[in-house]
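S.K.: Curious how this folds, go ahead:
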Amino acid sequence: MLIVAFLLIAGGLAVADIVGGTTLFFRADGIVTRERVAISSPYENTRIRELFVRPGEHVEAGQKIAAVESGAVSRSIADMSVEAARLRGKLAEIDAREAAVGVLLPEAEATVKQFKSFLDRVSGSSVAGFVTDKNVTDIVAAHFTAKEKLAGLQAEKQALEKERAPYLTALADVMSSYNGLQQSYGGGVLTTPVSGYVGTRVGVVGEVLNASSPTVTDVYTGASYVLAYVHDGYLVGVEPGQRVKVELRSRFAMGVVTELLPVTSAVPPEFQMPARPRVRGQLMRVSIPDTAGFPIGEQVKLSVCHFDSCEDLMDKIRPSKVLQRVAGRVRELLPGSGDDAQRASPITQ
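M.R.: Below is the predicted model of the structure:
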């Protein structure tokens with residue numbers, strides 16, 4: 001009666017779970033993945049000139065992924081080079097004018113002092129009647145002209161100093177942009193910032209990258225984990241730290257729920273049921289051991305382990321173990337366990 005009652009209860013729970021969906025027994029679909037780093041070009045209309053990696057290849061941080069070329073970047077670099085040359089030319093003109101002013105300014109100052117000395121002497125002679133008024137007038141005019149020339153040179157010197165400052169600032173800005181663009185563009189060579197494995201999608205030589213598809217390839221780095229989709233109908237609940245069984249066809253591994261993400265997402269098309277509304281699920285991250293060896297992108301099934309050790313349970317019910325036990329029991333029952341058992345051992349193994 002106990003066995004029949006247990007079977008009825010188990011059958012009822014199974015029927016309720018099948019009819020009502022994943023409500024009593026936890027099941028979830030997931031995808032094996034790793035942290036993904038996109039290797040892309042930040043410039044529009046970039047053409048792939050050369051590729052250095054293949055899908056699935058292991059790469060180290062700093063390794064070359066591809067070489068690209070961008071017409072827009074090349075034009076920008078050329079324009080900035082022309083602008084830098086123009087600014088340097090203006091600065092050279094200012095330097096030449098300043099050098100000329102520097103040469104003429106001492107002579108102008110000496111000329112003003114000389115005419116001032118002449119004017120002082122003729123002014124005294126004019127009072128005594130030794131110099132005519134015309135001579136005094138000529139010396140005053142020459143002195144005024146020398147002072148005017150000196151003032152003009154001094155004003156030009158100050159103007160040149162003020163004129164140089166904005167050109168220096170503009171040249172510094174242009175060179176900063178030029179060097180930054182050259183450094184970021186790096187001759188068009190794209191490298192990976194992390195170590196990992198190249199994804200399945202790799203661009204081809206001659207392909208043009210644009211805003212809709214700017215990525216050359218993806219690099220998967222870090223430890224593998226499972227990104228699972230928990231359906232809303234599951235009533236019991238899953239908590240971080242809970243152990244779950246991750247199945248991939250005939251292989252399985254024990255995982256641990258590390259995080260229940262506060263977001264939902266549409267279940268991938270390969271998990272959707274035909275002729276049914278599109279299903280969404282809360283995202284859950286499950287860590288799996290490195291020894292599992294699950295490939296990236298594989299679809300897996302998750303379920304709760306209701307025993308202390310699912311590994312021991314699977315070892316007990318594994319077909320090979322069952323056959324070995326049955327064969328051993330048969331050898332014990334058969335008469336003559338010596339040579340017959342030795343001959344049977346290769347078959348049972």
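
S.K.: what lines up beside the host helix or strand of residue 37 in the sheet?
M.R.: Using DSSP states H and E, residue 37 sits within strand 27-40. Strand pairing for strand 27-40, determined by DSSP bridges: strand 215-230 (antiparallel), strand 299-304 (antiparallel).

S.K.: what about the following helix or strand past the longest one, distance to the chain center?
M.R.: In other words, strand 215-230. For strand 215-230, the following helix or strand on the C-terminal side (DSSP H and E) is strand 243-248. From the chain centre to the centre of strand 243-248 is a distance of 32 Å (Cα atoms, centre = their mean, to the nearest Å).

S.K.: Quick one: residues contacting residue 301.
M.R.: With contact taken as Cβ atoms under 8 Å, 6 or more residues apart in numbering, residue 301 is in contact with 27-30, 246-248. Every C-beta, even on glycine, is put in place using the N, C-alpha and C of the backbone.

S.K.: Of the residues you listed - the most surrounded one?
M.R.: Compared across the contacts of residue 301, residue 30 has the highest neighbour count, 29 neighbours, by other Cβ atoms under 10 Å.

S.K.: which residue packs closest to it, ignoring adjacent ones?
M.R.: residue 228 (3.5 Å; Cβ to Cβ, 6 or more residues apart in numbering).

S.K.: From residue 296, how far off is that neighbour?
M.R.: 15 Å (Cβ to Cβ, to the nearest Å).

S.K.: which stretches of the stretch 1-150 of the chain form helices?
M.R.: Taking DSSP state H, counting those that start in this stretch, the helices of the stretch 1-150 of the chain run over residues 2-20, 71-128, 133-185.

S.K.: what's the least confident stretch among those?
M.R.: Lowest mean pLDDT within those: helix 2-20, at a mean of 66.

S.K.: just for the stretch 201-349 of the chain, where's the confidence low?
M.R.: Applying pLDDT under 70 to the stretch 201-349 of the chain flags the ranges 232-237, 273, 275-276, 305-331, 334-349.

S.K.: ok, 50 please
M.R.: For the stretch 201-349 of the chain, the stretches flagged by pLDDT under 50 are 235, 307-309, 311-321, 337-349.

S.K.: Looking at strand pairing, list the partners for the closest residue to residue 37 other than its chain neighbours.
M.R.: Distance criterion Cβ to Cβ, 6+ apart; nearest residue to residue 37, sequence neighbours excluded, is residue 219 at 4.7 Å. Legend: beta-bridge partners of residue 219 under DSSP bridges are residue 37, residue 198.

S.K.: Spit out the contact partners of residue 219.
M.R.: 36-37, 39, 59, 65, 192, 194, 196-199.

S.K.: From residue 195, how far off is it?
M.R.: Counting by Cβ to Cβ, the gap from residue 219 to residue 195 is 8 Å.

S.K.: Overlap in contacts, the two.
M.R.: In contact with both residue 219 and residue 195: residue 59, using Cβ under 8 Å, 6+ apart.

S.K.: before we move on, back to that, nearest to residue 209, of the contacts of residue 219?
M.R.: residue 39 (10.7 Å; Cβ to Cβ).

S.K.: right, and that closest one touches residue 68 too?
M.R.: No - in this structure, residue 39 is not within contact of residue 68 by Cβ atoms under 8 Å, at 10.5 Å.

S.K.: any residues in contact with both of these two?
M.R.: 190, 216.

S.K.: about what we covered before: counting neighbours, which bits of the strand holding residue 37 end up buried?
M.R.: By neighbour count on 16 or more other Cβ atoms under 10 Å, the buried set for strand 27-40 is 28-34, 37, 39-40.

S.K.: hmm, back to that, mind checking the helices of the stretch 1-150 of the chain for the one nearest to residue 287?
M.R.: helix 2-20 (26.5 Å).

S.K.: Looking at the helices of the stretch 1-150 of the chain, spot the one closest to residue 269.
M.R.: Residue 269 sits nearest to helix 2-20 of all these, at 23.2 Å, using Cβ to Cβ.

S.K.: list the contacts for residue 196?
M.R.: 34, 37, 58-59, 219-222.

S.K.: now it, nearest residue through space, not along the chain?
M.R.: Here the residue nearest residue 196, using Cβ to Cβ, 6+ apart, is residue 221, at 3.3 Å.
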